[in-house]
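Asks: Need a 3D model of the sequence below.
(chains A and B)
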Protein chains: 2
Amino acid sequence: MSESQPNEALIDLLALLAFGELQAFDRMAADARLAPDLHRRAVLCEMAASEIGHYRRLVDRLAVLGADTETAVEPFLDALEAYHDRTQPKDWLEALTKAYVGDAVADDFYREVATCLDEADRHLVLDVLHDTRHYEFAAAEIRAAIADDPKVANRLSMWARRLVGEALSQAQTVAATGPALIGLIAMSAPDQAGIIGLFRRLTDQHTRRMTAVGLNN
Amino acid sequence: MSESQPNEALIDLLALLAFGELQAFDRMAADARLAPDLHRRAVLCEMAASEIGHYRRLVDRLAVLGADTETAVEPFLDALEAYHDRTQPKDWLEALTKAYVGDAVADDFYREVATCLDEADRHLVLDVLHDTRHYEFAAAEIRAAIADDPKVANRLSMWARRLVGEALSQAQTVAATGPALIGLIAMSAPDQAGIIGLFRRLTDQHTRRMTAVGLNN
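Replies: Numbers count the residues shown, from 1 in each chain, chains lettered A, B, ... in the order given. Next up, the predicted model:
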């Protein structure tokens, strides 16, 4: 982020990411109970555990910026919690689809926004996004389940559409709550064509991911 | 463990520890929601996350011994789950007291049993026991709560007694389920005086811990 840019947007962004890590930890830890065996349960627990190291890095960076994470995230809490409250997986495959679809859309978005940050903060944001291994594990499980029973594809496709709908609704509330964040997005997509391009890229990546595991957009 | 000793007891012990890690992760991740603020919530999440690395080390060692963790732990599942089902904390202080009192008694026991293992396995067992930092955090929270409201000491003392009672009941079931484990205990406490000594040491350490935070045994 350039020197002339106030820290407000950066603090909003890092606080959102930090609380997102804590929520992802909480959710994956709970979803691990849905696993069909101990091996898979442990993989989800490991995915959850990796979020906590990321949380600590974000909180430390926020402290350097003079921000308290709890205070910084407070305005966004309702929107962030509403998403998870409205998208509680009923079974193991819904839990993995949520990680595969929902987390990936959020990661793609943060990756786009990161392009307008200073190098150190850009690296921090890119580092704390989800590990590719996690997506590969989720993708392999979804593919195997569809191969086993093709009807699963329809159910999970509908679930994925609901996840994206809820994520967009939450993103709008977040954007309305933190106007400084809009400034960041505007920096990475400075005109209307740029913003349309940003959303097209996010949509394209999402469609590719759905197709890759046999889900219909 | 000496060469003449079959691996059965070692496998039982490592499987118990491994599943204990997974359960501790699950429980602390859930208890983190009881935290009064984000900072404390994150500390409990971090305590939970550290259990998962330990789980992986135990599973890897079990694989080297030719044992599948899921199969090995199966006979003990009911006893291990009964303990947690019967001791669900109602609030943040009960959750911390459970970590401080319950985990510590189990750790002391495993530390005693570890003395009769080969060096490599003894180090593994000692490494995966809970971090002193965790106990210090829990102890500081309990002490502060009692300083703030002395009546808390009575309530938590009663809770701690219940925890120890449930842990002993669970330990008896585990011992009855895995007779090979009794062999291990007998090795570390080869006569009746030895076993009485073992239980006296466990009791003394527990009493010291209770007194250290202002709880009554």
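
Asks: Only C-alpha atoms from now on, for both contacts and neighbour counts.
Replies: Noted.

Asks: Tell me which residues touch the residue nearest to A:Pro36 when sequence neighbours are not counted, please.
Replies: Counting by Cα to Cα, 6 or more residues apart in numbering or on different chains, A:Pro36 lies nearest to A:Trp92, which is 7.4 Å off, once chain neighbours are set aside. Contact analysis of A:Trp92 by Cα atoms under 8 Å, 6 or more residues apart in numbering or on different chains lists A:31-32, A:34-36.

Asks: again, but for A:Glu8
Replies: Per Cα under 8 Å, 6+ apart, neighbours of A:Glu8: A:Ala180.

Asks: From chain B, how far off is it?
Replies: 20 Å (Cα to the nearest Cα, to the nearest Å).

Asks: how about a markdown table for the contacts of A:Trp92, with neighbour count added?
Replies: Shown next, in a markdown table, are the contacts of A:Trp92 (neighbours: other Cα atoms under 10 Å in any protein chain shown):
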| residue | neighbour count |
| --- | --- |
| A:Asp31 | 23 |
| A:Ala32 | 24 |
| A:Leu34 | 19 |
| A:Ala35 | 18 |
| A:Pro36 | 11 |
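
Asks: nearest to chain B, of those?
Replies: Closest to chain B out of the contacts of A:Trp92 is A:Ala32 (8.3 Å), distances taken as Cα to the nearest Cα.

Asks: Next up, the contacts around the closest one.
Replies: Here A:Ala32 is in contact with A:40-42, A:44-45, A:92 (criterion: Cα under 8 Å, 6+ apart).

Asks: Can you tell me which of those has the most neighbours?
Replies: Neighbour tally across the contacts of A:Ala32 (other Cα atoms under 10 Å in any protein chain shown): the maximum, 28 neighbours, falls on A:Cys45.

Asks: Name all residues that make contact with it.
Replies: A:28-29, A:32, B:25, B:52.

Asks: now with 10 Å?
Replies: By Cα atoms under 10 Å, 6 or more residues apart in numbering or on different chains, the residues touching A:Cys45 are A:25-26, A:28-33, A:39, B:22, B:25-26, B:29, B:48-49, B:51-53.

Asks: tell me which element the closest residue to A:His134 other than its chain neighbours falls in.
Replies: For A:His134, ignoring the flanking residues on the chain, the nearest one in space by Cα to Cα, 6+ apart is A:Met47 at 6.6 Å. Using DSSP states H and E, A:Met47 sits in helix A:38-64.

Asks: average model confidence for that helix?
Replies: Helix A:38-64 shows a mean pLDDT of 94.

Asks: Find out how far it is from the centre of the chain, if you would.
Replies: In terms of Cα atoms, centre = their mean, to the nearest Å, the centre of helix A:38-64 is found 13 Å from the chain centre.

Asks: How about stretch A:82-97?
Replies: 13 Å.

Asks: can you check stretch A:136-155 too?
Replies: Per Cα atoms, centre = their mean, the centroid offset for stretch A:136-155 relative to its chain is 21 Å.

Asks: Next: stretch A:75-84.
Replies: 13 Å.

Asks: Please report phi then psi for A:Arg109.
Replies: Heads up, residue A:109 is Phe, not Arg. phi -60, psi -50 (degrees, to the nearest 10).

Asks: which non-adjacent residue is nearest it?
Replies: A:Leu202 (6.9 Å).

Asks: I'd like to know how far A:Ala176 sits from B:Asn217.
Replies: Distance of A:Ala176 to B:Asn217, computed by Cα to Cα, to the nearest Å: 54 Å.

Asks: before we move on, the earlier item: please tabulate the contacts of A:Trp92 in CSV and include secondary structure as additional columns.
Replies: What follows is those, written out as CSV (DSSP: H, G, I helix; E, B strand; the rest coil):
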residue, secondary structure
A:Asp31, helix
A:Ala32, helix
A:Leu34, helix
A:Ala35, coil
A:Pro36, coil
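
Asks: lowest-confidence helix or strand of chain A?
Replies: helix A:179-188 (a mean of 77; mean pLDDT, DSSP states H and E).

Asks: Point out the other helices and strands that that one packs with.
Replies: helix A:8-31, helix A:104-114, helix A:151-177, helix A:192-212 (3 or more Cα pairs under 10 Å, 6 or more residues apart in numbering or on different chains; DSSP states H and E).

Asks: tell me, how many neighbours does A:Thr132 end up with?
Replies: Counted with other Cα under 10 Å, A:Thr132 comes out at 9.

Asks: pLDDT score for it?
Replies: At A:Thr132, pLDDT is 83.

Asks: Which one of the contacts of A:Ala32 is nearest to A:Thr207?
Replies: A:Trp92 (22.1 Å; Cα to Cα).

Asks: Look up how far chain B lies from that closest one.
Replies: Remark: distance between A:Trp92 and chain B (Cα to the nearest Cα) = 16 Å.

Asks: Now do that residue against A:Gln205, distance only.
Replies: Taking Cα to Cα, one finds A:Trp92 at 24 Å from A:Gln205.

Asks: what's the burial count for A:Leu126?
Replies: 16.

Asks: Excluding chain neighbours, what is closest to whatever residue of chain A ends up closest to chain B?
Replies: Sorted by distance to chain B under Cα to the nearest Cα, the residues of chain A start with A:Ala49, at 4.5 Å. Leaving out its chain neighbours, the residue that sits closest to A:Ala49 by Cα to Cα, 6+ apart is B:Ala49, at 4.5 Å.
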